[in-house]
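*Asks:* Can you look at this prediction? I've put the sequence above it.
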Amino acid sequence: MNNIIIPSGKFTGEVSAPPSKSHAQRILACALLSHQKTTVLGIGKSTDELSALGILERSALKPSNQDGLLVIPAGNKLIFDSEQINFGESGLASRMFTPILANASQELMLYGSGTLSSRPMHLFDEVFENLKVEFQSNNGTLPFRVKGPIIPNSIELDGSLSSQFITGFLYAFAGNKETRHEKLRLKKPKSLPYIELSLDVLREFGVNVNLMGEEIEFNGPYEFKETNISVEGDWSSASFLMVGAALFGSIRIHGLKRESKQADRRMLDVLKNFGSNVSWENDVLSISKNEFKSFEFDATHCPDLFPPLAVLGSFGTNVSFVHGVHRLFAKESNRAETIVEELTKLGAQIEIKGDAMLISPRKEPIDYAVRSCHDHRIAMACAIFTLGIDKSITISDAEAVDKSFPDFYTYLEHLTM
């Protein structure tokens, strides 16, 4: 599907933040491990959330919608009506649920689609042998064959690629009745705020596990409690709307947790340095256009901010620097490459030097047709960038936004009318 974005010279309004797919998937993961009833308010419709929900729908105790709430009944949910489980294109689902599913005693075949099938996950081959799990991959990529259950043992996890692996084993150990005083020793952990988010969700389910430096120590076995929980608003998706407001108007956003553990909350720090007006009124966040400065920011622990930051920096008055480019090479696309290639068409002046992205003030567009490269965040970045140029653009594979923010273009239309 192609989408045409027409500049309107306006960006203003009041919206509710879309649900956080990362928070929702963690809730669903804990619900799968819990033997108690879980009630969830605010599950979204992104394809990543639907992939996670699909795993629970394969379980013996299937979730149901009751009066707008998702209800997952009590009982052992790690029994599945099919040996085949598909993660779709969700990197978080594949990395987080694979260790959880390794607690099941039945053999399972785990699949992915699109670029997920080629994303590196060799860590599983290295770790599962130490946990007495029968595991086979396709040379470190999907599909996987797995048969548990995990026999808990202290292990070292390389977190340099993604914290999502750490969350998977954290949850798998917390949900395993044989867990006692084992440790997860973390090597070069990235995206630490998301590990804290994972721990926060566990606490909502009555399970208290702490990160001490670069080590997680368990004190099991644990009992999950019956839980009623709401999905937070998504700072990742909202960051594109914030950039739109900072460059072209103003916005009031409801539904973002002010003290959230979501890493992308750091967007507010950048906007303040850029010169934007940023304020809270109770639980409503307001962003509005003011100054256009340059900025410097380390996105190592929040790499999903690179696309909106590339847009923001392109409208600055001087060169902006974003560090942590090494986190971009195993996303839906090689995101460093696609940010440069696609935004350059629209006039951006971006280059990669070592581990930094240098963003200079934009020039005139050289093309008005861009590609999402099947990457939801590239599609959204191109759409927001277009609001600052004088001609409409066409985004190919624009439906990529369904992965995280299926209503993005509806929001955009509302805010630019």
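*Replies:* Everything's here; your move. A quick note: this is a predicted structure, and the numbers were derived from the prediction, not measured.
*Asks:* For the stretch 301-417 of the chain, which residues score under the pLDDT cut-off?
*Replies:* By pLDDT under 70, the low-scoring segments of the stretch 301-417 of the chain are 330-333.
*Asks:* ok, residue 232 to residue 203 distance?
*Replies:* Distance of residue 232 to residue 203, computed by Cβ to Cβ, to the nearest Å: 14 Å. Using the backbone N, CA and C atoms, a C-beta is placed for each residue, glycine as well.
*Asks:* More neighbours: those two, which one.
*Replies:* Between residue 232 and residue 203, residue 232 has the larger neighbour count (other Cβ atoms under 10 Å), namely 23 against 12.
*Asks:* so who does that one touch?
*Replies:* Contact analysis of residue 232 by Cβ atoms under 8 Å, 6 or more residues apart in numbering lists 19, 20, 23, 255, 256, 257, 260, 262.
*Asks:* cutoff 7 Å now
*Replies:* 20, 23, 257, 260, 262 (Cβ atoms under 7 Å, 6 or more residues apart in numbering).
*Asks:* neighbours around the closest residue to residue 222 other than its chain neighbours, how many?
*Replies:* Leaving aside its chain neighbours, residue 222 sits nearest to residue 207 (4.6 Å; criterion: Cβ to Cβ, 6 or more residues apart in numbering). Neighbours of residue 207 under the rule other Cβ under 10 Å: 22.
*Asks:* Then the one 10 residues further on?
*Replies:* A count of nearby residues for residue 217, using other Cβ under 10 Å, gives 14.
*Asks:* What separation is there between it and residue 206?
*Replies:* Computed as Cβ to Cβ, the residue 217 to residue 206 distance reads 18 Å.
*Asks:* again, but for residue 33
*Replies:* 12 Å.
*Asks:* who has more neighbours, the two?
*Replies:* Between residue 33 and residue 206, residue 33 has the larger neighbour count (other Cβ under 10 Å), namely 21 against 15.
*Asks:* Work out the sheet partners of the one helix or strand residue 279 maps to and label each with its direction, please.
*Replies:* Using DSSP states H and E, residue 279 maps to strand 277-281. Strands that pair with strand 277-281, judged by DSSP bridges, come out as strand 284-288 (antiparallel).
*Asks:* show me the contacts for residue 45.
*Replies:* residue 406.
*Asks:* Which secondary structure state is assigned to it?
*Replies:* coil (DSSP: H, G, I helix; E, B strand; the rest coil).
*Asks:* Who are the contact partners of residue 376?
*Replies:* 332, 400, 401, 403, 404, 405.
*Asks:* meant to ask about residue 93
*Replies:* Residues in contact with residue 93 (Cβ under 7 Å, 6+ apart) are 25, 48, 51, 52, 87.
*Asks:* now do 8 Å
*Replies:* Here residue 93 is in contact with 25, 48, 51, 52, 55, 87 (Cβ under 8 Å, 6+ apart).
*Asks:* Residue 217 contacts residue 185, correct?
*Replies:* No. In this structure, residue 217 is not within contact of residue 185 by Cβ atoms under 8 Å, at 9.6 Å.
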